[in-house]
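Novice: next input, structure requested:
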Amino acid sequence: MQPSGTYLLGRKSGRFNFLLSKRTVAWCILLTIATIIIATFALSQGELRTSLTDLVEVAFGTAEQFTSIVILEWRLPRLFASLVFGAALGVSGALFQSLIRNPLGSPDIIGFNTGAYTGALVVIIVFGGNYFEIAFGSIAGGLIAASAVYLMAYKQGIQGFRLIIIGIGISAMLSAFNSWLMLTSKLETAMTAAIWGAGTLNGLGWNKILPSFVFIAVAFVISATLVRKLNILEMGDDNAAMLGVSGERTRRLAMLSGVILTAAVTAASGPISFIALVAPQLARKLTKDGSVGLMASALMGAMLLTLSDFTAVNLFAPNQLPVGVITISIGGIYLLYLLIRQSERS
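Specialist: The predicted structure is shown next:
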């Protein structure tokens with residue numbers, strides 16, 4: 001019997017069928033509308049202000065050449081990056097928080113973000129790699145950091161708090177190594193890496209973001225196939241085993257997918273902190289959904305990063321801030337709120 005307040009996608013007797021909460025669907029629609037509004041403002045604001053009519057003319061190819069260049073070559077890649085990267089970070093955060101069952105279970109808290117940053121820095125500073133090489137280096141660094149944390153935290157299974165503590169320690173060590181890399185590199189390379197390391201979407205073109213989009217698309221597909229198994233794992237490993245779901249195999253695949261998402265974003269824009277921490281929790285609070293909720297988390301992440309980048313571009317115009325400055329400011333406050341809440345509960 002179909003529960004009230006839900007939509008059924010597919011046939012009851014079919015192999016592929018999903019129950020969606022009506023509240024979740026409503027909030028996903030609202031988040032989509034809010035993101036479209038913010039995206040429209042992002043395309044129209046800047047030194048060259050454009051109207052909605054200008055955007056329509058650009059879409060149909062009837063706008064002036066300079067206006068088309070500004071919109072299609074400068075602003076649109078940045079907008080797509082903020083949407084896709086925000087969604088990727090939201091999904092990554094949802095995966096890790098589901099695996100660890102702790103609100104602090106975020107890739108930027110447990111060191112995977114820092115590992116991806118280390119891998120990218122090594123390729124940039126030591127090897128002078130191109131965009132594809134930086135993307136591979138970032139993913140390799142994230143996977144190595146994740147493997148180290150996983151192996152050190154594994155003790156007859158994975159305990160969330162143990163993994164978080166070890167992850168924080170690994171992150172601190174990698175941060176020290178990153179600082180050493182910067183201090184020993186050439187001045188120009190160090191300055192470029194430092195600006196990029198703040199987390200920025202400035203200067204992103206299609207050639208810089210397409211490699212990351214490829215990895216993100218693959219990770220999205222892997223994540224989508226894991227949703228049902230992750231929801232079953234929420235009931236505990238014993239119940240999951242009775243239903244034929246392998247807990248450790250599902251966790252490894254989810255961790256792999258989450259690391260790829262985080263590392264692909266880091267490769268193109270540097271480490272953008274706290275979107276992965278905040279987006280899944282805000283999505284869950286709004287939808288009041290006990291499931292993993294990857295779609296709501298993705299939409300919340302896309303909206304938050306697009307709004308943060310819009311603020312970074314226009315807050316001190318014509319000077320532009322790295323978007324990481326905005327996300328750290330928002331995320332730091334939210335992290336303090338989480339820590340206060342957890343201390344009150346304990």
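
Novice: low pLDDT regions in this protein?
Specialist: Along the chain, the parts satisfying pLDDT under 70 run over 1-20, 46, 156-160, 236-240, 243, 246-247, 290, 292, 342, 345-346.

Novice: how about the strands in it?
Specialist: For the chain, strands defined by DSSP state E occupy the ranges 6-9, 18-21.

Novice: I figured residue 41 hits residue 311, correct?
Specialist: No - judged on C-beta atoms under 8 Å, residue 41 makes no contact with residue 311 at a distance of 10.8 Å. For glycine as for every other residue, the C-beta is placed from the backbone atoms N, C-alpha and C.

Novice: which one's more surrounded, these two?
Specialist: Legend: neighbour count by other C-beta atoms under 10 Å for residue 41 and residue 311, higher for residue 311 (18 against 13).

Novice: give the contact list for the nearest residue to the more buried one once chain neighbours are set aside.
Specialist: Take residue 311 and drop its neighbours on the chain: the residue closest to it by C-beta to C-beta, 6 or more residues apart in numbering is residue 326, 5.3 Å away. The contact partners of residue 326, by C-beta atoms under 8 Å, 6 or more residues apart in numbering, come to 308, 309, 311, 312, 315.

Novice: what are the phi and psi values for residue 318?
Specialist: Dihedral pair for residue 318: phi -80, psi 0, per degrees, to the nearest 10.

Novice: measure how buried it is and give me the count.
Specialist: Look at residue 318: counted by other C-beta under 10 Å, it has 8 neighbours.

Novice: among the contacts of residue 326, who's most crowded?
Specialist: Neighbour tally across the contacts of residue 326 (other C-beta under 10 Å): the maximum, 30 neighbours, falls on residue 309.

Novice: surely that residue touches residue 82?
Specialist: Yes - using C-beta under 8 Å, residue 309 makes contact with residue 82 at a distance of 4.6 Å.

Novice: now the common contact residues for these two.
Specialist: Residues touching both residue 309 and residue 82 by C-beta under 8 Å, 6+ apart: 42, 201, 323.

Novice: show me which helix runs longest in the chain.
Specialist: Of all the segments assigned as helix in the chain under DSSP state H, the longest by residue count is helix 206-233.

Novice: and that helix, what does it pack onto?
Specialist: Judged by 3 or more C-beta pairs under 8 Å, 6 or more residues apart in numbering; DSSP states H and E, the packing partners of helix 206-233 are helix 76-100, helix 131-153, helix 237-242, helix 247-269, helix 294-314.

Novice: distance to residue 118 for those helices - can I get that in JSON lines?
Specialist: JSON lines is the format used below for the helices and strands packed on helix 206-233 (distance: least, C-beta to C-beta, whole Å):
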{"stretch": "helix 76-100", "distance to residue 118": "17"}
{"stretch": "helix 131-153", "distance to residue 118": "5"}
{"stretch": "helix 237-242", "distance to residue 118": "32"}
{"stretch": "helix 247-269", "distance to residue 118": "10"}
{"stretch": "helix 294-314", "distance to residue 118": "22"}
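
Novice: for residue 224, which of these is the nearest?
Specialist: Nearest to residue 224, of all the helices and strands packed on helix 206-233, is helix 294-314, at 7.2 Å by C-beta to C-beta.

Novice: show me what that closest one is packed against.
Specialist: Secondary-structure packing of helix 294-314 (3+ C-beta pairs under 8 Å, 6+ apart): helix 22-44, helix 76-100, helix 206-233, helix 275-287, helix 323-345.

Novice: in this structure, which residue is closest to the centre?
Specialist: What sits nearest the mean C-alpha location of the chain, by C-alpha atoms, centre = their mean, is residue 89, with 0.8 Å.

Novice: and that one, how far from residue 74?
Specialist: 23 Å (C-beta to C-beta, to the nearest Å).

Novice: likewise residue 22?
Specialist: Counting by C-beta to C-beta, the gap from residue 22 to residue 74 is 40 Å.

Novice: who's more crowded, the two?
Specialist: Between residue 22 and residue 74, counting by other C-beta under 10 Å, residue 74 is the more crowded of the two (15 against 11).
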